[in-house]
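J.: just a sequence and a predicted model for now, questions to come.
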Amino acid sequence: MDLDSLYLLAAVSLLSSMQMGYLARRVGWSRMAHKILPPAVTGPPEFERIFRAHQNCVEFYPIFLVMLWTSGVFFSDAAAAAAGMLYMVARQLYFNGYIQSTKKRLPGFYMALAALGILCLLGLAGIARGILRKHFHIHL
(Lines give C-alpha, C1' and ligand atoms only; values in the text may rest on other atoms or scores of the structure.)
Protein backbone atom coordinates (compact mmCIF):
# COMPACT_ATOMS: atom_id res chain seq x y z
CA MET A 1 0.00 0.00 0.00
CA ASP A 2 1.36 3.39 -0.93
CA LEU A 3 0.63 6.83 0.40
CA ASP A 4 -1.59 7.68 -2.59
CA SER A 5 -4.19 5.18 -1.47
CA LEU A 6 -4.52 6.77 1.97
CA TYR A 7 -5.79 10.21 0.94
CA LEU A 8 -9.46 9.25 0.87
CA LEU A 9 -9.25 7.59 4.29
CA ALA A 10 -7.41 10.60 5.70
CA ALA A 11 -9.97 12.99 4.20
CA VAL A 12 -12.90 11.08 5.72
CA SER A 13 -11.07 10.89 9.06
CA LEU A 14 -10.44 14.64 9.04
CA LEU A 15 -14.03 15.43 8.05
CA SER A 16 -15.37 13.12 10.73
CA SER A 17 -13.19 14.76 13.39
CA MET A 18 -14.52 18.15 12.30
CA GLN A 19 -18.05 16.77 12.59
CA MET A 20 -17.30 15.55 16.11
CA GLY A 21 -15.98 19.01 17.00
CA TYR A 22 -19.16 20.59 15.67
CA LEU A 23 -21.33 18.21 17.70
CA ALA A 24 -19.30 19.03 20.82
CA ARG A 25 -19.84 22.71 20.10
CA ARG A 26 -23.59 22.08 19.93
CA VAL A 27 -23.40 20.72 23.49
CA GLY A 28 -21.55 23.88 24.54
CA TRP A 29 -24.16 26.11 22.97
CA SER A 30 -26.88 24.15 24.73
CA ARG A 31 -25.04 24.52 28.04
CA MET A 32 -24.96 28.28 27.55
CA ALA A 33 -28.61 28.46 26.48
CA HIS A 34 -29.77 26.49 29.51
CA LYS A 35 -27.17 27.90 31.93
CA ILE A 36 -25.74 24.46 32.78
CA LEU A 37 -22.16 24.66 33.98
CA PRO A 38 -19.75 21.73 33.69
CA PRO A 39 -19.49 19.14 35.11
CA ALA A 40 -23.29 18.97 35.34
CA VAL A 41 -24.86 16.71 32.71
CA THR A 42 -28.49 17.02 33.73
CA GLY A 43 -30.97 19.72 32.99
CA PRO A 44 -33.99 20.28 30.79
CA PRO A 45 -34.86 17.43 28.39
CA GLU A 46 -33.64 19.51 25.44
CA PHE A 47 -30.15 19.74 26.94
CA GLU A 48 -30.07 16.11 28.01
CA ARG A 49 -31.00 14.92 24.51
CA ILE A 50 -28.22 17.00 22.92
CA PHE A 51 -25.75 15.81 25.55
CA ARG A 52 -26.71 12.13 25.11
CA ALA A 53 -26.67 12.40 21.31
CA HIS A 54 -23.12 13.72 21.46
CA GLN A 55 -22.02 11.12 24.02
CA ASN A 56 -23.39 8.31 21.86
CA CYS A 57 -21.45 9.67 18.88
CA VAL A 58 -18.29 9.84 21.02
CA GLU A 59 -18.79 6.24 22.17
CA PHE A 60 -19.04 4.96 18.58
CA TYR A 61 -16.23 7.11 17.15
CA PRO A 62 -13.27 4.80 17.95
CA ILE A 63 -15.19 1.85 16.50
CA PHE A 64 -15.84 3.83 13.34
CA LEU A 65 -12.21 4.87 12.90
CA VAL A 66 -10.85 1.33 13.40
CA MET A 67 -13.34 -0.10 10.91
CA LEU A 68 -12.76 2.73 8.41
CA TRP A 69 -8.99 2.28 8.34
CA THR A 70 -9.05 -1.51 8.50
CA SER A 71 -11.45 -1.79 5.58
CA GLY A 72 -9.60 0.92 3.65
CA VAL A 73 -6.14 -0.57 4.09
CA PHE A 74 -7.07 -4.22 3.59
CA PHE A 75 -9.99 -4.03 1.15
CA SER A 76 -10.53 -0.75 -0.74
CA ASP A 77 -9.85 2.84 0.19
CA ALA A 78 -12.64 4.10 -2.09
CA ALA A 79 -15.25 1.68 -0.75
CA ALA A 80 -14.24 2.42 2.83
CA ALA A 81 -14.36 6.18 2.22
CA ALA A 82 -17.84 5.87 0.69
CA ALA A 83 -19.09 3.84 3.66
CA GLY A 84 -17.38 6.32 5.98
CA MET A 85 -19.24 9.21 4.39
CA LEU A 86 -22.50 7.26 4.72
CA TYR A 87 -21.69 6.81 8.41
CA MET A 88 -21.12 10.55 8.84
CA VAL A 89 -24.43 11.39 7.18
CA ALA A 90 -26.16 8.80 9.37
CA ARG A 91 -24.59 10.22 12.52
CA GLN A 92 -25.78 13.71 11.59
CA LEU A 93 -29.31 12.38 11.00
CA TYR A 94 -29.08 10.58 14.34
CA PHE A 95 -27.95 13.72 16.16
CA ASN A 96 -30.57 15.96 14.55
CA GLY A 97 -33.31 13.41 15.20
CA TYR A 98 -32.30 12.90 18.83
CA ILE A 99 -32.50 16.64 19.47
CA GLN A 100 -36.15 16.57 18.43
CA SER A 101 -37.15 13.40 20.30
CA THR A 102 -35.62 10.10 21.32
CA LYS A 103 -37.74 8.19 18.78
CA LYS A 104 -36.53 10.35 15.88
CA ARG A 105 -32.95 9.21 16.47
CA LEU A 106 -33.68 5.67 15.25
CA PRO A 107 -33.46 6.11 11.43
CA GLY A 108 -30.00 7.67 11.74
CA PHE A 109 -28.97 5.05 14.29
CA TYR A 110 -29.96 2.16 12.03
CA MET A 111 -28.25 3.78 9.05
CA ALA A 112 -25.06 4.22 11.11
CA LEU A 113 -25.18 0.57 12.15
CA ALA A 114 -25.57 -0.44 8.52
CA ALA A 115 -22.54 1.68 7.55
CA LEU A 116 -20.51 0.10 10.36
CA GLY A 117 -21.67 -3.33 9.22
CA ILE A 118 -20.47 -2.58 5.69
CA LEU A 119 -17.11 -1.37 6.98
CA CYS A 120 -16.76 -4.45 9.17
CA LEU A 121 -17.56 -6.82 6.30
CA LEU A 122 -15.14 -5.03 3.97
CA GLY A 123 -12.40 -5.20 6.60
CA LEU A 124 -13.02 -8.87 7.32
CA ALA A 125 -13.08 -9.71 3.61
CA GLY A 126 -9.82 -7.88 3.04
CA ILE A 127 -8.12 -9.54 5.99
CA ALA A 128 -9.39 -12.99 4.97
CA ARG A 129 -8.18 -12.41 1.41
CA GLY A 130 -4.74 -11.44 2.73
CA ILE A 131 -4.50 -14.47 5.02
CA LEU A 132 -5.57 -16.81 2.22
CA ARG A 133 -3.00 -15.30 -0.15
CA LYS A 134 -0.10 -15.19 2.30
CA HIS A 135 -0.52 -18.47 4.13
CA PHE A 136 -2.41 -20.67 1.69
CA HIS A 137 -1.37 -19.20 -1.67
CA ILE A 138 -5.02 -18.79 -2.66
CA HIS A 139 -5.59 -15.64 -4.73
CA LEU A 140 -9.14 -14.28 -4.79
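T.: Ah, there it is. Residues are numbered from 1 along each chain as shown.

J.: please look at residue 75 and residue 128 and confirm they touch.
T.: No. With contact defined as C-beta atoms under 8 Å, residue 75 does not count as touching residue 128 (9.9 Å). Every C-beta, even on glycine, is put in place using the N, C-alpha and C of the backbone.

J.: and residue 50, how far from residue 108?
T.: Distance of residue 50 to residue 108, computed by C-beta to C-beta, to the nearest Å: 14 Å.

J.: no wait, residue 48
T.: 18 Å.

J.: thinking again about what came up before, more neighbours: which of residue 50 and residue 108?
T.: residue 50 (23 against 20; other C-beta atoms under 10 Å).

J.: now do the helices in the chain.
T.: With helices called from DSSP state H, the chain shows them at 7-34, 45-74, 77-100, 106-136.

J.: comparing the ones you listed, which comes out most buried?
T.: Of all the helices of the chain, helix 77-100 has the most neighbours on average by mean count of other C-beta atoms under 10 Å, namely a mean of 19.

J.: from the chain's centroid, how far away is that one?
T.: Relative to the centre of its chain, helix 77-100 is centred 6 Å away, using C-alpha atoms, centre = their mean, to the nearest Å.

J.: tell me what angle it forms with helix 7-34.
T.: Compare the direction of helix 77-100 with that of helix 7-34 by axes from the mean of the first three to the mean of the last three C-alpha atoms, to 10 degrees and you get 10 degrees.

J.: please consider this matter closed, and thank you.
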